[in-house]
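Engineer: next come a sequence and a model predicted from it.
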There are 2 protein chains.
Amino acid sequence: MSVTVAIDCMGGDHGPAVTVPAALSFLRSHADARVILVGKPDVLEPALGSAAGAFGERLRIHAASEVVGMDESPVVAMKNKKDSSMRVAANLVKSGDAQAAVSAGNTGALMAISRFVLKTLPGIDRPAIATVLPSMRGRVYVLDLGANVDCSAEHLLQFGIMGAQLVAAVEHVDRPRVGLLNIGEEEIKGNEVVKQASALLRASGLNFCGNVEDIYRGSADVVVCDGFVGNVALKTSEGLAQMLTAFLKQEFGRSLLTKVMAVLALPVLRAFKRRVDHRSYNGATLLGLRGVVVKSHGSADAYGFEQAIHRAAEAAANRLIERIGERMAAMSEEASA
Amino acid sequence: MSVTVAIDCMGGDHGPAVTVPAALSFLRSHADARVILVGKPDVLEPALGSAAGAFGERLRIHAASEVVGMDESPVVAMKNKKDSSMRVAANLVKSGDAQAAVSAGNTGALMAISRFVLKTLPGIDRPAIATVLPSMRGRVYVLDLGANVDCSAEHLLQFGIMGAQLVAAVEHVDRPRVGLLNIGEEEIKGNEVVKQASALLRASGLNFCGNVEDIYRGSADVVVCDGFVGNVALKTSEGLAQMLTAFLKQEFGRSLLTKVMAVLALPVLRAFKRRVDHRSYNGATLLGLRGVVVKSHGSADAYGFEQAIHRAAEAAANRLIERIGERMAAMSEEASA
């Protein structure tokens, strides 16, 4: 994959301590990929250390003098920090110096800046955020996750189109099954917007598999929903997983005997944990822009951040933007025919 | 608790095979409670067997000749089955022969019939469905779970009032903390309805603790949301829990060695399972009606169904309906003052 990824090295809870090692590890495992580390050179150079020269022209630093804070208002960040590492990374995608950008910075600012710098694709009203989650049958992509609340049926249709192209590009699935998150699988259920979206998706030419009640069952490759609903589903999942993990730890920690049991069961518990490791699923894709932008969890460690870089490179190498653009153009031709 | 519970013995996936043993077990553990078994006498009598006489007048059968099917349309069930066990149970609450009704039958029909027979309380536009879930700090009540999609801010306020009264009644919490399910804890976040609801809740005199992102963290005793969102949160939780359980089983079942580990860890795994056992949380309360109605999961076993009966009896014994009525009356007086 001959792709260049611009990395906002200053964003996230940990900044260069995480982003730089992740970038180096990514370069080691992708022999023809390139990265541009964006941020303050006086911070990045020491963080790189002796690795600076090891990758030749595959690795370079691009200076950015400012950093968008994790709690900073998107509007303020956009207006006042024109040389932020986040914005410079987006600019590098805009100029064609990079094919994808990755940031662990604040989601609202990243979306606002990416949208301002890169613009949306023709036919896309609102960019969406898509993530991948484990499912009973493999992996499932869910969007929107919070970029858009109060969506119309047309927005949900656009999410379906973008999600399907994402899965086609990065999972190499020919006609991904697209489902609509709804309460009950009967067509008559749901709120008004969802009912209308169901009709639009059914007529869209997508491989629409109807309503989905349970994201994790694996009955769809892409699950489409309003950003409010998607965000609730994601946060509820994170909360439940944390609670179950805490309960399991408490039960194994109750007595000396249960602690011994935990040690005995450790290989299995580790295998289980690996399987649902949220770090492997790190990296939410901002869809609908004229460029690939991936948002890492702010608290991601180097392993997690590397997955986000990988995800961005994979999407760019597989022509995600072109695919969405082509599909939207085809839709608009059909509509005007 | 000197309460009489009318039990729709014919509803649910298992009917009397589950409902009758559950009723008997409930009677055994609540010495002054009474039950009325509603259904077809020729089915109920053999199911009761020798237990028929053991509880004297604390147990009686009330005949109902029809049964609402699990997939039957609520409208059809209401129109054509006036002698269904579900409807007769509601009638017994209406007439005062029972103080609460329990059914494992189809949710839509139970809500429609309960609403038609019992009517809503003054000031309540729409009844809601509330359930209890485990949380990091104990238990949390969530409503609405699907009775109402496309809610207004006023509806969410009413849910908050009803939920707080439910927790006050059955958990004996003086001023339950009421949270609003939202994406992000900042007040500016969320969709339009949620923003308005936040303002109404803040001004309501309830112990409103603001936005809640994670139901399971235990930062609120009551979490209020639109029925669409609540249903998605519940189904997502069920799906995730099922998937994690399946993965854990698969990992423990991988080889002879891991199977041995499972046996060794069994006491801990059992303690963990008991703690999050969904059967203990069975029984969703229909709130806003002039009578207590509890809906059991259709697939509940006798232990689960007994919890639903217990929940109904507890709510009736603690004057749930009166509490909600008093609170609504106080609100309307304040508004007109």
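Structural biologist: Done, it's in.
Engineer: does stretch A:158-165 reach chain B?
Structural biologist: No. Counting by CB under 8 Å from any CB of the partner chain, chain B has no neighbours in stretch A:158-165; the shortest distance is 15.5 Å. C-beta: built from backbone N, CA, C; applies to glycine.
Engineer: quick one: contacts of that stretch?
Structural biologist: Residues outside stretch A:158-165 that contact it (CB atoms under 8 Å, 6 or more residues apart in numbering or on different chains) are A:123-126, A:128, A:130, A:141, A:143-144, A:151, A:175-176, A:178, A:180, A:201, A:204, A:206-208, A:221-225, A:287-288, A:320, A:323-324, A:327-328, A:331.
Engineer: tell me how far that stretch is from the chain's mean position?
Structural biologist: How far stretch A:158-165 lies from its chain's middle: 14 Å, per CA atoms, centre = their mean, to the nearest Å.
Engineer: centroid residue for chain A?
Structural biologist: Residue closest to the mean C-alpha point of chain A, counted by CA atoms, centre = their mean, is residue A:284 at 0.9 Å.
Engineer: sec struct for the closest residue to that one other than its chain neighbours, please.
Structural biologist: If the residues on either side of it in the chain are set aside, residue A:284 comes closest to residue A:131, at 4.3 Å by CB to CB, 6 or more residues apart in numbering or on different chains. Put simply, residue A:131 is strand when judged by DSSP: H, G, I helix; E, B strand; the rest coil.
Engineer: chain neighbours aside, what residue packs nearest to residue A:190?
Structural biologist: Once flanking residues are discounted, residue A:190 sits nearest to residue A:182: 4.4 Å by CB to CB, 6+ apart.
Engineer: I figured the one you found hits residue A:197, correct?
Structural biologist: No. Using CB atoms under 8 Å, residue A:182 is not in contact with residue A:197, being 9.2 Å away.
Engineer: about what we covered before: return the residues in contact with the residue nearest to residue A:284.
Structural biologist: Contacts of residue A:131 by CB under 8 Å, 6+ apart are A:141-143, A:145, A:234, A:281, A:283-285.
Engineer: in strands, which of those fall?
Structural biologist: A:141-143, A:284-285 (DSSP state E).
Engineer: which elements pack onto the helix or strand where residue A:274 lies?
Structural biologist: For residue A:274, the host element (DSSP states H and E) is helix A:266-275. If contacts are counted by 3 or more CB pairs under 8 Å, 6 or more residues apart in numbering or on different chains; DSSP states H and E, helix A:266-275 sits against helix B:227-252, helix B:256-275.
Engineer: give me that answer again for 6 Å
Structural biologist: Packed against helix A:266-275 by the contact rule (3 or more CB pairs under 6 Å, 6 or more residues apart in numbering or on different chains; DSSP states H and E) you find helix B:227-252.
Engineer: which parts of the helix it packs on are buried?
Structural biologist: B:227-237, B:239-241, B:243-244, B:247-248, B:251-252 (16 or more other CB atoms under 10 Å in any protein chain shown).
Engineer: hang on, the earlier thing: in strands only, show me the contacts of stretch A:158-165.
Structural biologist: A:128, A:130, A:141, A:143, A:178, A:180, A:207-208, A:222-224, A:287.
Engineer: before we move on, back to that, so the residue nearest to the centre of chain A touches residue A:128, yeah?
Structural biologist: No. Using CB atoms under 6 Å as the test, residue A:284 is too far from residue A:128 to be in contact (9.8 Å).
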